[in-house]
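Asker: Generate coordinates for the sequence data below:
(2 chains)
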Number of protein chains: 2
Amino acid sequence: MKKASSTVEQIHTFFDPKSVAVVGASKKITKAGHVIFKNFADNKRRGIFKGELYPINPHEDYILAFKCYSSLKNVIGDIELVVIVVPAENVAQTMQEAAQKNARAAVIVSGGFGEIGNHKLEDQVKSIAEKAGIRVLGPNCLGVYDSSTGVDMLFLPETRVLTTGEEVVATPRPRSGPIAVVTQSGAFGVAVLDYMAGEQIGLSKFVSFGNKIDVEEPEILEYLLHDPQTRVILLYVESIKSGRKFMEVAREVTRYKPIVAMKSGKTEAGARAALSHTGAIAGSDRIYDSVFSQSGVIRVRDTEELLDASEALAFQPPAAGNNVAIVTAAGGPAIMAADECESRGVTIKRFSNETFQKFEGLKKEGKIPSFATNYNPLDLTGSVTSEMFELGTKILLDDPEIHGVIVFGLHHSPALQEDYVDRIANLSKTSLKPILACDIGETEMATYIRGRFDKMGVPAYSSPEDAARAMAALVHYGVYLKNNGFYDDYIEQFKRQVRT
Amino acid sequence: MKKASSTVEQIHTFFDPKSVAVVGASKKITKAGHVIFKNFADNKRRGIFKGELYPINPHEDYILAFKCYSSLKNVIGDIELVVIVVPAENVAQTMQEAAQKNARAAVIVSGGFGEIGNHKLEDQVKSIAEKAGIRVLGPNCLGVYDSSTGVDMLFLPETRVLTTGEEVVATPRPRSGPIAVVTQSGAFGVAVLDYMAGEQIGLSKFVSFGNKIDVEEPEILEYLLHDPQTRVILLYVESIKSGRKFMEVAREVTRYKPIVAMKSGKTEAGARAALSHTGAIAGSDRIYDSVFSQSGVIRVRDTEELLDASEALAFQPPAAGNNVAIVTAAGGPAIMAADECESRGVTIKRFSNETFQKFEGLKKEGKIPSFATNYNPLDLTGSVTSEMFELGTKILLDDPEIHGVIVFGLHHSPALQEDYVDRIANLSKTSLKPILACDIGETEMATYIRGRFDKMGVPAYSSPEDAARAMAALVHYGVYLKNNGFYDDYIEQFKRQVRT
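Answerer: Residues are numbered from 1 along each chain as shown, chains lettered A, B, ... in the order given. Take a look at the predicted model:
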């Protein structure tokens, strides 16, 4: 294994190149080579992309006011990164020229290799790269998107014009933020970006691998470990080629940054589909379970949980144990959350007598309803007010036996004012126990409440089960850190990065 | 057991009373008695609620321009339905007066009974009702909402004013449609309404039970069987008191109308929470599994699945078997769907040789990409067009071995025009095999595509797993109908109700 510093330096070229050539750049708006070059050109004009930029196309003199070159060879000056968007049969030739220019890295966006049985061509390209020491992403991939450096290889334009003549956002680039997306499937990656943009979840970096002839998950994970912008890594894989190396790197990464992984191809039919998708041999699902759990990777079961858990881990500390408390304005949703928590190995145990008595005291003082139930869940009933929520949550956070709190403040509760969000968020700011929120509904008040929670750093979910699953991720990660002696360092880092 | 006709007639009073008295009607906007009376008054003025309406309150002469009575006794004329919103200690007296007026039914919205340990008062009220033959919903419930008759007992106003001075929708009433909501938890019921309104899913009737001292699930289910507006029943329960009666009625109902049920309190912690919520003894979860499966009730695992499955069953026919085909523009999401289908007992088996060869033929003719994979999933790749989707889906629907199709037309696919939605929806209109769609993302194009599918009767989901779970509901219901000899009649009814 190469030294970390060398890997990081090499991979850095994909995210922040001093010079980029786009081979197959085009004026035709329907071409991938147009969209990619335009992304770079726009970002350069805006001052976001700071490197040199060269369009390569033998049939054009200028593309979008940039001088065009007929070949890489004709460019005067260095080219660190080559983005290749030409037909598969021309890729080897392009790679030869890249080698002559001493390019450090290449992203082969073009498809038509191993994924359609063209293994010979893929091997040829791989061999050229190896000889020249060029690191390669792809082929058959979407490459890299990094909002901070202006590197944007997504060949899908941000907006599309419908047949009605209306322009709508189709492939949004999310705002800048703490979550890195690392994906074997480009299409799924783009779908995740769309979800993140819609939910206003911030992205640090996006990498799509495709056929993975060179750069694979471990090197990207190692790079992201050193990326100051990334706090959580969202990973989608259909197969991992080198399990041992993955474990070694993942174990190091998860000491400092959570990795939330979704591995598909779990069932026979899924594995068959994966095989015909990227040629990946899915392998026994239990082996992946073991690889992930031994290296502290949080494995999730579906798309929604992947995003929900990543958001929770980005904004809340992991739980130092698996006892969770629920405080609620209504019984039903709290029962559902309790069910989901328990079925995920998160304990909803009866409050200690001390905590129970504190609530009894509040009842006597008339500070919470006399008919509230206070075993866990703490059900403050439909009569709940903002003050009661704050008071109840504070007592739960103060209980040393409780490691995290889920708050269900259903917005229709008549006496509940929206300032309960601020009160809960303020408690969260000074607590090192995780707090998550839930409010169900898809109309104005529900989305307003959830959005307000999210903005204040308390991720809020639209169903009790979603909130419970996100809490399970915080618990499982925290317990892993605890068991391996990493918890205290992680919490110190979390305080510095998130709570200041 | 009473005759069906008698039950239906009695329960009908809750949904379409000729006369209603609201005891505890109030002018004060913060009072539940205000909101409920105003709902009726508004709907009467709009001509939706057609019955007589009487506010009862000894301290007022008029409420919202309706003459107010000091007691039920003073009303001249019949009172079919009494809605009770007075403090618990006054409910027995009110029930006595309702008995003297020969009221047929009462909804006791007031809380303060069994749910807080006040069993004596509850028993007293129950005994008055039994002697007088008054059917009772509640106490401690939200009662009934029926948009077609204007009965609206939700004491939560539709909008709220935020501290910013802005008025937002807080407890929306969904538009009229085919799904009935029957819920033990009022708060969860309201949350479901909010979700349905946001997703533009139509509601037929809403019933919240609360403590269930008289009317329970079986009678409501029987009533909804005879309700022409209801095609699907969404049921949330924490406990069912009379399992045998429930099974008997549910089995009869599910021949004609699917019941999608969520039963919470599955785990020990959940059961404890349920006990302290409505005093419900949750019972062994396996018994519920057996009760539901024997009576054709589709049991779902969480909130989202409850709504997703209900929508699928309302708009698409059940599957006549468990072989499902997937057609997709991208590998990743299709693998996830295949995984989820298989883990729910839905088979994604390789296409028959005949179907495989049809796709091979299309490749040779250049009608689908030569590098498409056609085993199941049918992956038409990022080069997919609307025509390819239509062609591929048609071949799958024509295959007698395939019982349903899930379509993944990710909107960012460059060559895919949004008319593929119309093409798929048109195929669906003439097919008696279920079709569901999926497009991932939360920004404009994704929500536009899903909304367009939904409007055309093909429910569209935002994650592969959600689509797979909804398809599993269609498969499980269809297989139940088949195994019991009910399928053909159901399909005939579906054609008449949905496809005309």
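Asker: Please count neighbours and contacts with C-alpha atoms only from this point.
Answerer: OK.
Asker: Show me which residues of stretch A:239-259 are buried.
Answerer: Neighbour counts over stretch A:239-259 (16 or more other Cα atoms under 10 Å in any protein chain shown) mark A:239-240, A:246-247, A:249-251, A:253-259 as buried.
Asker: What's opposite residue A:55 in the beta bridge?
Answerer: residue A:22 (DSSP bridges).
Asker: re earlier: restricted to strands, list the buried residues of stretch A:239-259.
Answerer: residue A:259 (DSSP state E).
Asker: Make TSV from the buried residues of stretch A:239-259 and add pLDDT and distance to chain B to it.
Answerer: Below are the buried residues of stretch A:239-259 laid out as TSV (pLDDT from 0 to 100; distance: Cα to the nearest Cα, whole Å):
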residue	pLDDT	distance to chain B
A:239	87	12
A:240	88	15
A:246	95	21
A:247	95	23
A:249	97	25
A:250	98	23
A:251	97	26
A:253	98	25
A:254	98	25
A:255	98	29
A:256	98	29
A:257	98	25
A:258	98	23
A:259	98	19
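Asker: ok, the buried residues of stretch A:239-259 vs residue B:337, which is closest?
Answerer: residue A:239 (16.7 Å; Cα to Cα).
Asker: List the backbone torsions phi and psi for the closest one.
Answerer: Per-residue torsions, residue A:239: phi -160, psi 150 (degrees, to the nearest 10).
Asker: With residue A:18 instead?
Answerer: According to degrees, to the nearest 10, residue A:18 has phi -80, psi -20.
Asker: and it, how many neighbours does it have?
Answerer: The tally of other residues near residue A:18 (other Cα atoms under 10 Å in any protein chain shown) stands at 16.
Asker: and whatever helix or strand residue A:307 lives in, what does it pack onto?
Answerer: Using DSSP states H and E, the element containing residue A:307 is helix A:303-315. Packing partners of helix A:303-315 (3 or more Cα pairs under 8 Å, 6 or more residues apart in numbering or on different chains; DSSP states H and E): strand A:176-183, strand A:232-237, strand A:259-263, helix A:464-483.
Asker: Rebuild these as CSV, extending it with distance to residue B:469.
Answerer: Shown next, in CSV, are those (distance: least, Cα to Cα, whole Å):
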stretch, distance to residue B:469
strand A:176-183, 24
strand A:232-237, 21
strand A:259-263, 18
helix A:464-483, 15
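Asker: These: which one's closest to residue A:104?
Answerer: strand A:176-183 (21.3 Å).
Asker: So what angle separates the directions of that closest one and helix A:303-315?
Answerer: Angle of strand A:176-183 versus helix A:303-315, following axes from the mean of the first three to the mean of the last three Cα atoms, to 10 degrees, is 140 degrees.
Asker: Identify the residues contacting residue A:299.
Answerer: Taking Cα atoms under 8 Å, 6 or more residues apart in numbering or on different chains, we find residue A:299 in contact with A:260-263, A:289, A:292-293.
Asker: of those, list those near chain B.
Answerer: Contacts with chain B are made by none of those, judged by Cα under 8 Å from any Cα of the partner chain.
Asker: mind giving me CSV with the residues you listed and columns for distance to residue A:49 and pLDDT?
Answerer: Output for those, formatted as CSV (distance: Cα to Cα, whole Å; pLDDT from 0 to 100):
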residue, distance to residue A:49, pLDDT
A:260, 29, 98
A:261, 30, 98
A:262, 32, 96
A:263, 33, 94
A:289, 40, 92
A:292, 36, 96
A:293, 39, 95
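Asker: Would you show me how to pick out the buried ones of those in ChimeraX?
Answerer: Filtering these down to the buried ones (16+ other Cα under 10 Å) takes a single ChimeraX command:
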select /A:260,261,262,263,292,293
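Asker: so what secondary structure elements neighbour the worst-scoring helix or strand of chain A on mean pLDDT?
Answerer: Using mean pLDDT, DSSP states H and E, the weakest-scoring helix or strand in chain A turns out to be helix A:268-278, at a mean of 76. Using 3+ Cα pairs under 8 Å, 6+ apart, the elements in contact with helix A:268-278 are helix B:331-343.
Asker: what ranges do the helices span in the stretch 51-200 of chain A?
Answerer: Assignment of helices within the stretch 51-200 of chain A using DSSP state H, counting those that start in this stretch yields the ranges A:91-100, A:119-132, A:186-198.
Asker: Dump the ones you listed to CSV, plus mean neighbour count and distance to chain B.
Answerer: Shown next, in CSV, are the helices of the stretch 51-200 of chain A (neighbours: other Cα atoms under 10 Å in any protein chain shown; distance: least, Cα to the nearest Cα, whole Å):
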stretch, mean neighbour count, distance to chain B
helix A:91-100, 19, 19
helix A:119-132, 16, 14
helix A:186-198, 23, 4
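Asker: can you list those in CSV and add mean pLDDT?
Answerer: Shown next, in CSV, are the helices of the stretch 51-200 of chain A (pLDDT from 0 to 100):
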stretch, mean pLDDT
helix A:91-100, 98
helix A:119-132, 97
helix A:186-198, 94
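Asker: need the contact list for residue A:462.
Answerer: A:438-441, A:450.
Asker: The residue nearest to residue A:347 when sequence neighbours are not counted and chain B, how far apart?
Answerer: Take residue A:347 and drop its neighbours on the chain: the residue closest to it by Cα to Cα, 6 or more residues apart in numbering or on different chains is residue A:323, 4.9 Å away. Taking Cα to the nearest Cα, to the nearest Å as the measure, residue A:323 falls 12 Å from chain B.
Asker: can I get the helices of the stretch 51-200 of chain A in TSV with distance to residue A:68?
Answerer: Supplementary listing: these in TSV, determined by distance: least, Cα to Cα, whole Å:
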stretch	distance to residue A:68
helix A:91-100	16
helix A:119-132	25
helix A:186-198	29
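Asker: ok, back up a step: what comes into contact with the least confident helix or strand of chain A?
Answerer: Against helix A:268-278 from outside (Cα under 8 Å, 6+ apart): A:114-115, A:210-211, A:238, A:264-265, A:280-283, B:331-332, B:334-339, B:342, B:348-349, B:373, B:376-377.
Asker: same deal with stretch A:152-168?
Answerer: Here stretch A:152-168 has contacts from A:32-36, A:39-40, A:142-146, A:169-173, B:412, B:414, B:417-418, B:444-445, using Cα under 8 Å, 6+ apart.
Asker: Mark which of these are part of strands, please.
Answerer: Using DSSP E, those in strands are A:143-146, A:169.
Asker: So which of the contacts of residue A:462 reach chain B?
Answerer: Among these, chain B is touched by A:440-441 when using Cα under 8 Å from any Cα.
Asker: Spell out which residues of the stretch 251-400 of chain A are next to chain B.
Answerer: So the stretch 251-400 of chain A meets chain B at A:264-271, A:273-274, A:276-277, A:302-304, A:330-339, A:342-343, A:348-349, A:371, A:373, A:376-377 (Cα under 8 Å from any Cα).
Asker: Quick check: beta-bridge partners of the residue most central in space within chain A?
Answerer: Residue closest to the mean C-alpha point of chain A, counted by Cα atoms, centre = their mean, is residue A:234 at 3.4 Å. Beta bridges link residue A:234 to residue A:181, residue A:260, judged by DSSP bridges.
Asker: need the contact list for it.
Answerer: Counting by Cα under 8 Å, 6+ apart, residue A:234 has contacts A:179-182, A:259-261, A:306-307, A:310.
Asker: ditto for residue A:410
Answerer: Residue A:410 makes contact with A:328-330, A:438-440, B:187, B:191, according to Cα under 8 Å, 6+ apart.
Asker: Looking at those residues, which is nearest residue B:463?
Answerer: So of the contacts of residue A:410, ranked by how close each gets to residue B:463 (Cα to Cα), first place is residue A:440, at 18.3 Å.
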